[in-house]
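1. fold the following, please.
(one chain, ligands or ions: 2)
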Amino acid sequence: MTGRCGWIDATGGISGDMLLGACVDAGVELAVVQAAIDRLGLPEAVRVTAEPAMRAGLGGTRVRVEADPTDVRRTLADVLALLDRADAAVRDPAAAVFRALAEAEARVHRMPVEQVHFHEVGALDSIADVVGVVAGFASLRLDRVVCSQIALGGGRADTAHGPIPVPGPAVIELLRGHDAPGVGGPVETELATPTGVALAVTLADGFGPLPGLRPELVGVGAGERDPVGHANITRLVVGAAGETGSAADPTGPDPREDHEAVVLETNVDDLDPRLWPAVLADLLDAGASDTWLTPILMKKGRPAHTLSVLTAPEHIAALERIVFTGTTTIGLRRRRVTKRALPRETITVEVHGHPVRVKLARLDGEVVNAVPEYDDVAAAAAAEGVPVAVMLDRARAAVQDR
Ligand SMILES: O=C([S-])c1cc(C(=O)S)c[n+]([C@@H]2O[C@H](COP(=O)(O)O)[C@@H](O)[C@H]2O)c1
Ligand code: NI
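-> Ligands and ions are numbered 1, 2, ... in the order given. Model prediction:
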């Protein structure tokens with residue numbers, strides 16, 4: 001495994017605000033988190049604050065979400081509509097987290113997912129935590145996320161439905177739905193909340209102990225309580241994974257940019273073409289790095305498509321399931337490939353007073369590609385009342401100036 005890796009240490013438990021605290025403690029600017037939340041244009045005021053905190057003698061950051069009291073009860077569709085206003089880098093992963101939460105609640109309460117309502121104030125907390133963590137992870141530029149076994153705690157928790165057993169049913173459903181490892185204890189209190197677990201299982205590409213990496217950033221997110229005998233923290237460790245420390249071969253591609261990947265492929269001639277966009281969207285939601293259709297001519301002169309799905313090996317099972325259930329195919333091919341990904345970073349430039357993120361890719365340390373984020377350019381163009389193409393030229397000029 002190579003690239004920049006983030007390891008979520010949930011062996012002390014996890015909640016949305018603990019993971020957000022870990023991001024902030026690792027160096028994610030609170031302004032990045034607040035901007036991502038503000039971008040949703042929530043009718044309620046939601047403010048995120050952070051302060052230093054000690055848990056079992058360990059220093060960390062406690063994040064709090066202050067939200068206006070509200071009676072609004074939001075469904076999954078309501079939350080997804082809000083997320084539509086977020087940057088693409090935040091919108092899709094955050095939507096996947098809320099889908100996972102809603103599906104878990106739907107199974108717990110034996111109701112259709114469309115009827116699930118996120119619980120009042122908790123919903124605003126959750127929205128801020130989820131959007132904040134996803135924005136934080138995006139700003140940390142992680143190529144891969146691994147999560148430890150999750151400590152779940154025990155005993156009973158008070159909820160809107162009255163006392164429930166811990167681990168709570170939604171937490172168990174989230175683990176089950178994502179084949180994620182959890183363990184009860186070590187203390188008789190709730191250590192893992194649905195939002196925290198939904199974030200971990202959705203954002204993680206795999207589960208296990210700290211992978212081989214050189215730690216560059218460490219963040220400690222403090223939980224609400226400081227129980228005796230347990231460090232109520234979630235940690236985030238970020239570093240370059242799989243580096244041996246040997247210099248890259250100066251005559252060839254940098255091996256640290258190589259990733260093992262798999263291409264799944266199948267030829268399909270009998271799927272209602274209107275179904276393809278949803279199949280492609282489902283595949284991307286389930287972890288595909290890329291997916292595309294190629295028009296082909298099949299036996300008997302039938303026009304058809306090759307569906308190709310590029311993925312990291314750990315998503316193969318979930319993606320094949322979507323291919324088999326979402327299309328008419330009854331077989332597919334798997335091809336191992338080596339993917340080369342140039343190191344990239346995101347900078348923010350100011351264009352006529354508007355922040356525009358720009359993705360830079362480097363080859364041998366030299367910037368070979370600088371692409372302004374389309375959503376930011378479009379927002380700036382709308383604010384200035386100029387065509388997007390004009391604002392795009394201005395953004396490129398601002399990058400050149402840098
Ligand atoms: O109200 C319901 S259905 C409920 C279910 C569960 C589980 O099944 S687990 C847990 N809870 C409680 O919600 C709070 C807040 O969780 P967040 O994810 O919003 O932080 C949590 O402490 C659980 O006890 C409620
Ligand atoms: Ni409920």
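
2. look up the closest residue to the residue in the stretch 51-200 of the chain that ligand 1 sits nearest to, ignoring the ones flanking it.
-> Minimum separation of the stretch 51-200 of the chain from ligand 1 (C-beta to the nearest ligand atom) falls at residue 168, amounting to 2.1 Å. Where C-beta positions appear, they are placed from N, C-alpha and C, glycine not excepted. Using C-beta to C-beta, 6 or more residues apart in numbering and skipping the chain neighbours, the partner closest in space to residue 168 is residue 157 (6.2 Å).

3. identify each buried residue in the lowest-mean-pLDDT helix or strand in the chain, please.
-> When each helix and strand of the chain is scored by mean pLDDT, DSSP states H and E, strand 344-351 comes last, with a mean of 82. For strand 344-351, the neighbour count (16 or more other C-beta atoms under 10 Å) marks 349, 351 as buried.

4. next structured bit after it?
-> strand 354-363 (DSSP states H and E).

5. helix or strand: which one has residue 80?
-> Per DSSP H and E, residue 80 falls inside helix 76-83.

6. low-scoring stretches of this protein, by residue?
-> Scanning the chain for pLDDT under 70 picks out 1-2, 120-122, 242-257.

7. the helices in it, which residues?
-> Taking DSSP state H as the test, the helices found in the chain are 16-25, 30-38, 76-83, 88-109, 120-139, 169-177, 194-203, 276-285, 316-326, 374-384, 388-401.

8. pick the most buried one from these.
-> Of the helices of the chain, the one with the most neighbours on average (mean count of other C-beta atoms under 10 Å) is helix 16-25, at a mean of 30.

9. between that helix and helix 120-139, how many degrees?
-> 30 degrees (axes from the mean of the first three to the mean of the last three C-alpha atoms, to 10 degrees).

10. which residues of this protein lie near ligand 1?
-> Residues of the chain lying close to ligand 1 (C-beta under 6 Å from any ligand atom) are 15-16, 105, 108, 119, 122, 125-126, 157, 159-161, 164, 168-171, 190, 193-195.

11. if you set the cut-off to 8 Å instead, what comes out?
-> 15-17, 101, 104-105, 108-109, 119, 122-123, 125-126, 129, 157-161, 164, 166-173, 190, 193-198 (C-beta under 8 Å from any ligand atom).

12. quick one: contacts for the residue of the stretch 201-350 of the chain found nearest ligand 1?
-> Closest contact between the stretch 201-350 of the chain and ligand 1, by C-beta to the nearest ligand atom, is at residue 224 (9.4 Å). Going by C-beta atoms under 8 Å, 6 or more residues apart in numbering, residue 224 touches 15, 17, 62, 232.

13. ok, of those residues, which one's closest to residue 28?
-> Using C-beta to C-beta, residue 17 is the member of these that sits closest to residue 28, with 13.6 Å.

14. skip the chain neighbours and tell me the closest residue to the closest one.
-> Closest to residue 17 by C-beta to C-beta, 6+ apart is residue 63, at 5.0 Å.
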